[in-house]
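Undergrad: Fold the stuff below for me.
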Amino acid sequence: MNFVNNLDWTLVVFLIVISGVIAFVGNYVGRRAGKRRVSILGLRPYYTSMIITVLTGITITAVTLIILVSVSSSMRSALENKAQLQETVRLLSQRLSTTQSELSIRASELNAAIEYQKKLEENIKEQSKKVKQLEKQIKEMEFDLKNKERALEENRAHLKELERQRERLTNTIAELSRDREKLKKEADLLKEEREKLLEESKQLKDRLGKLEKDVSELEKQRQILNSKLELYNLELSELKKEVDNYKIQAVELKKEIKFKEEQLNLLRHQKILFHGGETIIAETINGPKSEQEARDSLGYLLDRANEIVRSRYVQLGLSPPDKDAIITYDSDDLGFAIRSLKEEQRLIRIKIKNNTFIREPAQLTIESLKSKLIFNKDETITFRFISSKLPRNKIIEELDLLLTEAVKEGIRRGMIIDHLTNPIANVSYETLLSLSVRIKVKYSKVDSALVLVKAEREIYTGGPLRVRFEVR
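TA: So this is what the prediction gives:
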């Protein structure tokens, strides 16, 4: 055991590595000479390559021995003191040259395996890592080995150990030969796998071409969707701004409602039921009618007025008075209205004459006005071009101005408007908001949209002005 520990392991490892390098270089030189068909002294290229391989191995071995003698003191000592070691090296060189000759003969078989060396490099790298680990361990042992060099020099028995090492190297070479056979078989398997992979690669390339076409189509669709998404994001940001504005307006409306409620409470305390001049019924009655038909129509309107007054009491949480004492009117007004209906179509308006307090009868004024057709059904009252680039709140303002123009046009043609109520009965703020969104989205690619205000039905003097929008 002490004899094994006294070995120069650095020299042993170096000899193993050098043997592999010599075999590789000799094989490479012989193979290159065989490929170029070099002929020396008229010999056949085959024998010429063998001679070159042998000479190359001898040359490299000689240079290696010179380097070893220069670098390793133990090697130099062995060469100076023991001729037996030289004989051993010579025998090993001859065996190596023989091995190189055998390897050169089989060089043609290894040409195919060389093509797959790249795939085996990963295994070689792993072995290199192991070699580095061994080198690290060897460096750690160098300090102990230097202390034992004097003992190794005095102990000449290390020659026997070198002989044993030679035998081990021989065994290692045999194992490497077996490994080479295994590698050859693996190379054949890898060749078959490579052919399969090439076929699969061809199929994958075909599929990849199809996928690239699909990807190009999807890319075009993505660009279209991105442009739409940018447009929707802009619209969303505008909507958020408008929502913020609406929130501010809602706060202001709440304040206004609170103020109105305070005014309403004040009016309740004053116990006013109706204000003077307030129109409670405005109805167009077709004519001419007989006297009895006219009386029946006006009686129906007076009954409705009675119910309106009673409902006002109910809204205030009060019990209404008796039916006979709830309303009063001038019989002359009623007679004039009956006579006018006997002649032509009239607009009958029932209004509150004076401020009416709770528990007082509501004094009514019956007006009979001439009624004529102001707008036909689907008639265009007014129109305006509205830019789709405007913010939605501006579009709503433009629509509101359009409705104001429609009211002015109705007044110009002879409509009688009750200023205490909204003359346009069927257009809410939600309708304007929906229409502004439609203009903003649907007509975003053009500069403006043509908005028409049309009569929803036939509209007479008394109204109300029921309209609808058309966008072009």
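Undergrad: what about residue 232, neighbour count?
TA: For residue 232, the neighbour count with other Cβ atoms under 10 Å is 13. All C-beta spots, glycine's among them, are computed from the backbone N, C-alpha and C.
Undergrad: go on, residue 346?
TA: As a measure of burial, residue 346 has 26 neighbours, counting by other Cβ under 10 Å.
Undergrad: Report the mean per-residue pLDDT for stretch 133-150.
TA: For stretch 133-150, the mean pLDDT works out to 73.
Undergrad: Alpha carbons of it, as CSV, please.
TA: Provided in CSV are the C-alpha atoms of stretch 133-150 (Å, rounded to 0.1, in the frame of the first residue of the first chain):
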residue,chain,number,x,y,z
GLN,A,133,-12.0,17.0,-11.1
LEU,A,134,-9.3,14.4,-11.1
GLU,A,135,-6.7,17.1,-12.0
LYS,A,136,-7.9,19.1,-9.1
GLN,A,137,-7.5,16.1,-6.8
ILE,A,138,-4.1,15.5,-8.3
LYS,A,139,-3.0,19.1,-7.6
GLU,A,140,-4.1,18.7,-4.0
MET,A,141,-2.0,15.6,-3.8
GLU,A,142,1.1,17.2,-5.4
PHE,A,143,2.2,18.6,-2.1
ASP,A,144,2.3,15.2,-0.6
LEU,A,145,3.9,13.7,-3.7
LYS,A,146,6.8,16.2,-3.6
ASN,A,147,7.6,15.3,0.0
LYS,A,148,7.7,11.6,-1.1
GLU,A,149,9.9,12.2,-4.2
ARG,A,150,13.1,11.5,-2.2
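Undergrad: now it: how far from the chain's centre is it?
TA: Distance, stretch centre to chain centre, for stretch 133-150: 61 Å (Cα atoms, centre = their mean, to the nearest Å).
Undergrad: With stretch 319-339 instead?
TA: Taking mean C-alpha positions (Cα atoms, centre = their mean), stretch 319-339 and its chain are 73 Å apart.
Undergrad: distance of residue 166 from residue 153?
TA: Distance of residue 166 to residue 153, given as Cβ to Cβ, to the nearest Å: 20 Å.
Undergrad: Same question for residue 164.
TA: For residue 164, the distance to residue 153 - Cβ to Cβ - is 19 Å.
Undergrad: cool, residue 407 as well?
TA: From residue 407 to residue 153 the distance is 125 Å (Cβ to Cβ).
Undergrad: Of those two, which one has the most company?
TA: residue 407 (19 against 14).
Undergrad: doesn't residue 424 make contact with the more buried one?
TA: Yes - with contact defined as Cβ atoms under 8 Å, residue 407 reaches residue 424; the gap is 6.7 Å.
Undergrad: Model confidence for residue 314, exactly?
TA: 84.
Undergrad: Which helix or which strand is home to it?
TA: helix 291-315 (DSSP states H and E).
Undergrad: How far does that helix sit from its chain's centre?
TA: 66 Å.
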